[in-house]
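Colleague: 3D model of this:
(chains A and B)
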Number of protein chains: 2
Amino acid sequence: MTLDEDLADGGPAAVRRARAWLSRAVEPGTIDFWRFVDSAGPVEAVRRLRSGSAPERIRGLVGARVEQDESLADLRRAERCGARLIVPEDDEWPALPLHSLTLATSDEPDDPRAQSTRTLALVPPLALWVRGTGRLDELADRSVAIVGSRASTAYGEHVAAELAHQLAERGWTVVSGGAFGIDAAAHRGALAADGPTIAVLACGVDRPYPAANGALLNRIADSGLLISEWPPGAAPHQHRFLVRNRLIAGLTRGTVVVEAAARSGAMATANRARTLGKEVLAVPGPVTSAMSVGCHELLRDREAGATLVATAAHVIEAVGGIGSDLAPPPDRPASARDGLSDVATRVLDACPVRVGVSPERLATVAGCDVLEVLRVLPALELADLVEWTGTGWRLSPPPKKGEVPRR
Amino acid sequence: MTLDEDLADGGPAAVRRARAWLSRAVEPGTIDFWRFVDSAGPVEAVRRLRSGSAPERIRGLVGARVEQDESLADLRRAERCGARLIVPEDDEWPALPLHSLTLATSDEPDDPRAQSTRTLALVPPLALWVRGTGRLDELADRSVAIVGSRASTAYGEHVAAELAHQLAERGWTVVSGGAFGIDAAAHRGALAADGPTIAVLACGVDRPYPAANGALLNRIADSGLLISEWPPGAAPHQHRFLVRNRLIAGLTRGTVVVEAAARSGAMATANRARTLGKEVLAVPGPVTSAMSVGCHELLRDREAGATLVATAAHVIEAVGGIGSDLAPPPDRPASARDGLSDVATRVLDACPVRVGVSPERLATVAGCDVLEVLRVLPALELADLVEWTGTGWRLSPPPKKGEVPRR
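Modeller: Predicted coordinates for the structure are as follows:
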């Protein structure tokens, strides 16, 4: 069926085909174009573009692609690789997380020259090509982005994999970009926990990129999802990565930056998350590592409002429900000294190690009254901190191996 | 001359001797005792204690030590090791930084039972035993505390030494506690830059502790200062370290925690600095290191208001004058792509690597008008990003070694 015949129907199939056509006709990320489709509806939008009756600026955005139609071929190509097109009209559309993008777009001015440029605009996608068996809306509901440098260190990859593994174990979906380095480590960590993971690509979902991650991306498609705004076969042009980053931030409740060089792409994703009202989380690292400079800058920047995360519990505390999912404070070995009064502490410190001394001597060394010394000694003895030698008081012998040392 | 005869004089020598006596008679850190001395004056305070006319609670704090007098011996012992007693009545007293402690003490309630305990109370010192040639008030004016774990890692010691070295080079005094680990590394870093450094001790300034740091502490005394609230010969009882910590926080403009285990002494010092209105700074580290857990907790705690510092410039930005001493943002290599328009970026990404293509083909791939392609190509050619092969446009050859790669 030709595009124009299919559109004449106007039903769900027409909507899907119209959005398939739009996803190839125009580069995603333009505020004006999204507004045009949003107000005219996808079917009418395509009709006006094809007939030349769309506003000149909108036609200019499509340019030479307006004459082409690969929509049916794209839908079939998707089907062949186990993918489908999800459109805003579908139940499976992740409307809740992506609402942040709709809100951001509604704040943009009317004048196209004053609007955010395409690589920065936080505009919703027109449609999403999705490869995999999970339901996108359900997987995105409790999801966290883990992003970072492609030129990561062993430390960064270890932390990314560990965080992803623990998040996956606790039922969180790990979202990343399928790239080398931190992205791949995060996906692998989630897969190792048999957890769902989503790779948001800047190319067609049938086209593994980077090629060396092909096996990883196929595994993600088997148990999670590969998603893209670009139709099957689309090439991973560099500018598409920048446009793609807003989806990673928009789909998730928060973005964890594990390792990032100064002013890097991962930091751009984090800044987008902040603008969208999502949590910005950063993993610290050695200050001697160039790959942690970006994370540390995020944590130093009061406006960025980034939260330091060192564990999956920290991440869940930040993105989880308010009042639930609180991370436990770190433990410290309890000591028998904890909770001693000031005088008791001073008397304890005044006790010699070997030869016992009199309470009068303890009072002089500790700088308190003999009566006070006599008052606290029984408690110290009960706590096994001091002992009576028969002629005087001294410290109890040091703790055996395996016990907590006193100092 | 006996104590009572010397006090009868009432002049500066009497004041000094009275404070020398007080520094041995009572453990520092008690709010009530400091208030008693502050209101009666040091000479009258000693008289009343010796005659038994001081309030009972105040006499109880001195206990068995009231009968003793080693004040003259202490002053002579100090002189023999190149030390002196500095009292609040002296010009050299670091009144400005220590004013924070006076303010904190004025906030304490009247009821002794409701006051902060001695190891927590932020009370000013009654006097300071000082060994070394520098002027304490001048050295403390532009000073930063660098503190941390005794059980530090090589990473922590490296960072502590590096920060201290750079701070010393820029005229800042590095203050620490003379202990193993981070403290020693900080002192050594400052000494290596021929910078002044102050060790605040929990024992007599004539008594190097820990003994293994003896050579280091002697070097500090040669070019910086050893200071202590306790008289010569005083032993480093454990409770004294807790009381001492408030001086490290109080003397300096800010406290940098380099490495700290969860809920450790260094964190206590940092919390004291915060209460005193000083800057709390923390160095991050690998999340896999137990020695960085305390630093990360400080940085996660919104109330602590700790600032992440990775360089000496960060530290100086925090403790330096407002508007001056700003740390430069981290650099990123500039790229010829920076500043390209959206269409130019898309056209650039559409260019093939080998065989040149027509502007019409570029327009189709880039998703824009041919006229737009023709408009941006000259700029891309000028920037050496694309080239004309004679039959079409393609990317310029990759940059030579040493140039910035495109990707």
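
Colleague: so residue A:82 sits right up against residue A:132, yeah?
Modeller: Yes - in this structure residue A:82 lies within contact range of residue A:132 using C-beta atoms under 8 Å: 7.3 Å. Every residue, glycine included, has its C-beta placed from N, CA and C.

Colleague: got any residues that touch both of the two?
Modeller: Common neighbours of residue A:82 and residue A:132, using C-beta atoms under 8 Å, 6 or more residues apart in numbering or on different chains, are residue A:221.

Colleague: In terms of neighbours, single out the busier of these two.
Modeller: For residue A:82 and residue A:132, the more surrounded residue by other C-beta atoms under 10 Å in any protein chain shown is residue A:132, and the numbers stand at 23 against 15.

Colleague: wait, isn't that one in contact with residue A:226?
Modeller: Yes - Residue A:132 lies in contact with residue A:226 (C-beta under 8 Å); the separation is 6.1 Å.

Colleague: which neighbours do these two share?
Modeller: Common contact partners of residue A:132 and residue A:226 (C-beta under 8 Å, 6+ apart): A:83, A:220.

Colleague: I figured residue A:354 hits residue A:394, correct?
Modeller: Yes - here residue A:354 reaches residue A:394: they are 6.4 Å apart, a contact under C-beta under 8 Å.

Colleague: okay, the two: which has more neighbours?
Modeller: Shown here are residue A:354 and residue A:394; by other C-beta under 10 Å, residue A:394 has more neighbours (17 against 7).

Colleague: for that one, what are its contacts?
Modeller: Taking C-beta under 8 Å, 6+ apart as the definition of contact, the neighbours of residue A:394 are A:351-357, A:386-387.

Colleague: Where does pLDDT dip in the stretch 301-407 of chain A?
Modeller: Residue ranges of the stretch 301-407 of chain A with pLDDT under 70: A:321-334, A:398-407.

Colleague: sorry, back to before: among the contacts of residue A:394, which lie within strands?
Modeller: Judged by DSSP state E, the contacts of residue A:394 include A:386-387 as members of strands.

Colleague: ChimeraX command for the buried members of the contacts of residue A:394?
Modeller: Buried members of the contacts of residue A:394, identified by 16 or more other C-beta atoms under 10 Å in any protein chain shown, are gathered into one ChimeraX selection as follows:
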select /A:351,356,357,386
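
Colleague: Just the mean pLDDT for stretch A:248-259, thanks.
Modeller: Confidence over stretch A:248-259, taken as the mean pLDDT, stands at 97.

Colleague: now do stretch A:23-38
Modeller: Throughout stretch A:23-38, pLDDT has a mean value of 94.

Colleague: That stretch near chain B anywhere?
Modeller: Yes - Stretch A:23-38 lies in contact with chain B when judged by C-beta under 8 Å from any C-beta of the partner chain; the contacting residues are A:25-27.

Colleague: Please apply the same query to stretch A:51-59.
Modeller: No - if you take C-beta under 8 Å from any C-beta as the test, stretch A:51-59 misses chain B, and the best it gets is 8.9 Å.

Colleague: With secondary structure added, can I get the residues of stretch A:23-38 next to chain B in a markdown table?
Modeller: Putting the residues of stretch A:23-38 next to chain B into a markdown table (DSSP: H, G, I helix; E, B strand; the rest coil) gives the following:
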| residue | secondary structure |
| --- | --- |
| A:25 | helix |
| A:26 | coil |
| A:27 | coil |
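
Colleague: Just give me the closest of the residues you listed to chain B.
Modeller: Sorting the residues of stretch A:23-38 next to chain B by distance to chain B puts residue A:27 at the head of the list, at 4.9 Å, by C-beta to the nearest C-beta.

Colleague: ok, and the closest non-adjacent residue to the closest one?
Modeller: What sits nearest to residue A:27 in space, not counting adjacent residues and going by C-beta to C-beta, 6 or more residues apart in numbering or on different chains, is residue B:367, at 4.9 Å.

Colleague: Off-centre distance for the longest helix along chain A?
Modeller: Secondary structure of chain A read by DSSP state H shows that its longest helix is helix A:154-169. Taking C-alpha atoms, centre = their mean, to the nearest Å, the mean C-alpha location of helix A:154-169 is offset from the chain mean by 12 Å.

Colleague: Buried residues, it. List them.
Modeller: A:155-168.

Colleague: what's the answer for stretch A:23-39, then?
Modeller: Of the residues in stretch A:23-39, those buried by neighbour count under the rule 16+ other C-beta under 10 Å are A:23-38.

Colleague: Of these, which belong to helices?
Modeller: When DSSP H defines the helices, the subset of the buried residues of stretch A:23-39 inside them is A:23-25, A:31-38.

Colleague: Going by distance to residue B:207, which of these wins?
Modeller: Taking C-beta to C-beta as the measure, residue B:207 lies nearest residue A:31 of those, at 72.3 Å.

Colleague: isn't the closest one right up against residue A:123?
Modeller: Yes - taking contacts as C-beta under 8 Å, residue A:31 lies within contact range of residue A:123: 5.4 Å.

Colleague: so what sits against both of the two?
Modeller: With the criterion set as C-beta under 8 Å, 6+ apart, the overlap between the contacts of residue A:31 and residue A:123 is residue A:105.

Colleague: For residue A:258, what are phi and psi?
Modeller: phi -90, psi -50 (degrees, to the nearest 10).

Colleague: Quick one: residues contacting it.
Modeller: When contacts are counted by C-beta under 8 Å, 6+ apart, residue A:258 touches A:146-148, A:152, A:156, A:159-160, A:163, A:182, A:185-186, A:283, A:295.

Colleague: Remind me what the longest helix of chain A packs against, helices and strands.
Modeller: With contacts defined as 3 or more C-beta pairs under 8 Å, 6 or more residues apart in numbering or on different chains; DSSP states H and E, helix A:154-169 has these neighbours: strand A:143-147, strand A:173-176, helix A:182-192, helix A:312-319.

Colleague: Figure out which of those is closest to chain B.
Modeller: Set against chain B and scored by C-beta to the nearest C-beta, these come closest in helix A:312-319, at 7.0 Å.

Colleague: who touches that closest one?
Modeller: Applying C-beta under 8 Å, 6+ apart, the set of residues contacting helix A:312-319 from outside is A:144, A:162-163, A:166-167, A:170, A:172, A:252-254, A:256, A:279, A:281, A:307-309, A:325-328, B:300.

Colleague: Show me which of those are buried.
Modeller: Buried, going by 16+ other C-beta under 10 Å: A:144, A:162-163, A:166-167, A:170, A:172, A:252-254, A:256, A:279, A:281, A:307-309, A:327, B:300, out of those.

Colleague: excluding its backbone neighbours, what's nearest residue A:238?
Modeller: Closest residue to residue A:238 apart from its sequence neighbours, by C-beta to C-beta, 6+ apart: residue B:349 at 5.3 Å.

Colleague: quick one on the thing from earlier: of the ones in helices among the buried residues of stretch A:23-39, which is the nearest to chain B?
Modeller: Nearest to chain B among those, with distances taken as C-beta to the nearest C-beta, is residue A:25, at 7.5 Å.

Colleague: Sweet, I'm off.
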